Structure formats: structure tokens, C-alpha cells
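Asker: Dropping the sequence and predicted coords here.
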Amino acid sequence: MEIHGHSTEHWHGLPDGRLQCDVCPRFCKLRDGQRGLCFVRSRAGDEIVLTTYGRSSGFCIDPIEKKPLNHFLPGTPVLSFGTAGCNLACKFCQNWDMSKSREFDRLQDRATPGAIADAAVASGCRSVAYTYNDPVIFLEYARDVAAACRERDVKNVAVTAGYVTDAARRDFFEHIDAANVDLKAFTDRFYWKVCGGHLQPVLDTLVYLKHETDIWLELTTLLIPGENDHEAEVHAMTRWIADTLGPDVPLHFTAFHPDWKMLDTPSTPIATLTRSRDIAIGNGLRYVYTGNVHDFEGSSTYCHACGERLVGRDWYELSTWNIEIGDAGAACSKCGAAVAGVFEESPGTWGSRRRPVRIAA
């Protein structure tokens, strides 16, 4: 089958005639007609091409909290989209119908970068999110959309596992304003056994984002019973986050539900999420959340200095708002302590709505 796609940059030739993809640490080595593990980066003749450029699995307006981002323009709508494929092989994938899809007729929506940016403006979205599957594998498409959005004063949000090489990482994040990175576990055993990858490249991405960019960063860890929910691992992970990334990086502990190839694994008890949240706070993290469960306390934001509830959240509906914006940025309206994040005078009012959008090519 002849392969067509958009030219890419992150690859090089090998002495044996194969081409090596340099986007992610898998370094897939391809002969003509072969695809990488992600399935969307393929060799066509003397180059590696992206077969999903301009093709999406669909567009939807979500609350920004669904990404999840709790400290980036709370309450505002975000235009979200993904493509097909993934460069990890997580057995628990909850978007497997897209990330594992090899059926390109699933990609119903075609849209140019400019059309997506225009749709975001027209629909009142403050940002565009590259999500549902990992945007690292459609780097060129995401990068071009992000550049078009930035020209129209629309923010860019990446939802990613962070499994990417240094050069591609810098290229991908050039126009990104906020990122939620899945820190799937804190052992290489888990990454290899459950995801088919390795931990260190993800840690490298987190250090890069925090210390070499101005991108707002939040983390998510899906706690899977018997796999990555042990207290010792949660202690080690949260101490590393506090020591290496700092206490102001929000961390979301989310509940696992049986899916894909882990249908026999039980759902995460809420007690596990609460215990992990307590451990993280005890290790110095200021903003720790629970997700995929109904937990008002665990979903809300509190002042690290006085304990005041700053933002109340009931799922994706906001209630309490005790944040003031001054010359120094966001602060607790009760004690004046700084609140880390990207906030405005008042929250958005999008709420929990989720609205599909069609974009003309």
C-alpha cells in the first residue's frame, strides 16, 4: 500500500538504509512502507511522513478542568481534539478506540491549522487542547495549529505522557502555554510492564518544562490497584516532585476504571486517592487533587498558608472563588498568600458542558 503524508523533520538515515524516527525514545527504524509503533509516522520513500496531518478524530468544546487543569484560566472553555495512534502501549488506556486505532476512517474531521484557530475564536474558546491521544506523535500538526492559535491570541494546551526526545520536545512545546503531563508511575518496572516505555524520558520532560520554559505545568497520576498505588511509591514520587519541580506544581490523583486490557483489575477505591493526596500534601505539595470521583474537598483548591477554600469544584462546576488579582499576581483573598497558576479577576462560566464542533476544512 502506498503511503502518503506530511513531511516531517525528526528522523535520520542509518547505514543499513533504514530511517530512524527521532520523535520519541522508541527510535523506530523503518524500511520503505513500514510504520512506527505509533502507526501514524511512516516511511514513504526517502522520508518519514505524518499520515494524520490535518485529520482529526473530532472536535469538542470541554471545560478546561477536564484536561485536567485547575490552575489555568478556571471555568473557561477549551476546543479539544486528537488524531489516531499513540507511542505508548498502556494496557489501561481509556481512549484506546482512538489511540490504538489503525482504522483511518475514524478520522472524520479534516481541518487546517488556521481553520482550527478561527473556530476557537468563533466559539469563544480561550484555548485549544491537543489531547485524547498523545499529541507528540502528531507533532507537526500540533505545532502548526499552535502557531496559528498564538497569532489569534488563543492559548495552547498539551495533554501528553511526555514520552519524547529532547529535540522533538523543544519543537513540540515551542508555542504551548499549559501542559498536563501523565506521570503514570514512579518505577521503570511499571512503565515497561504496563506501558511499554521507560520512566526517565518522562522525568526529563518534566524537568525541561519546569526549569527551561514558562509553560504552566500540572501532573496527573492514574492510581491502579496493585500496580502503582503503593504508599512507598507515592511517597517517593511526591518527594521527587516537591524537591525537583517545586511545591507549586499541581498533582491530580485520578481513579482507574477497568478498560482495554485491564478489565479484571478493580476500580480505585476513593480511600486510595484520599490517602495518596494526604501523603503528597505531607511531602510539601500545595495543590493536590482527586479525580474521576465525586469528591468536593479533593477537587477544590485551598490556600497553602491559611487553608481558605480558594476555588470550590463540584465535578466541573465552580462555586467558591476567593482569589484576588494584584500587581504580583493571584493571591488568597483572606490572607494574601500567593496562588500559583494563570488566573483572571473572575472565573469563566462554561461549567460542565461538552459540545461537539464541526470545523470546515
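Answerer: The structure has been received and is ready for your questions. The shown structure was predicted, so the numbers you read here are calculated from the model rather than taken from an experiment.

Asker: wait, isn't G348 in contact with V78?
Answerer: No. Counting by C-beta atoms under 8 Å, G348 stays clear of V78, with 9.9 Å between them. (Glycine included, C-beta is placed from N, CA and C.)

Asker: Show me which of the two is the more surrounded one.
Answerer: V78 (30 against 18; other C-beta atoms under 10 Å).

Asker: Surely that one is in a strand?
Answerer: Yes. Under DSSP: H, G, I helix; E, B strand; the rest coil, V78 sits within a strand.

Asker: let's have the chain start at 3 instead
Answerer: OK, 3 is where the count begins now, so the last one is V80.

Asker: Can you tell me the element I327 falls in?
Answerer: According to DSSP states H and E, I327 maps onto strand 325-328.

Asker: Let's see that strand as CSV, backbone CA atoms only.
Answerer: Extracted in CSV, the C-alpha atoms of strand 325-328 (Å, rounded to 0.1, in the frame of the first residue of the first chain):
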residue,chain,number,x,y,z
ILE,A,325,-8.8,34.7,44.5
GLU,A,326,-7.8,38.3,44.0
ILE,A,327,-5.6,39.5,41.2
GLY,A,328,-3.0,42.2,42.0
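
Asker: So what's the gap between that strand and the chain middle?
Answerer: Mean C-alpha position of strand 325-328 versus that of the full chain (C-alpha atoms, centre = their mean, to the nearest Å) differs by 27 Å.

Asker: which helices and strands sit right next to that strand?
Answerer: strand 331-334 (3 or more C-beta pairs under 8 Å, 6 or more residues apart in numbering; DSSP states H and E).

Asker: Confidence-wise, which helix or strand of this protein is lowest on average?
Answerer: None of the helices or strands of the chain scores lower by mean pLDDT, DSSP states H and E than helix 98-101, at a mean of 50.

Asker: so where's the stretch 103-252 of the chain shaky on pLDDT?
Answerer: Low-confidence segments of the stretch 103-252 of the chain, defined by pLDDT under 70: 103-110.

Asker: Do a quick rundown of the helices in the stretch 203-352 of the chain.
Answerer: Assigned by DSSP state H, counting those that start in this stretch, the helices in the stretch 203-352 of the chain fall at 233-242, 272-284, 298-301.

Asker: Would you mind pulling the contact partners of the longest one?
Answerer: Read it as helix 272-284. 225, 227, 231, 233, 236-237, 240, 243, 253, 255-257, 290-293, 295, 297, 300 (C-beta atoms under 8 Å, 6 or more residues apart in numbering).
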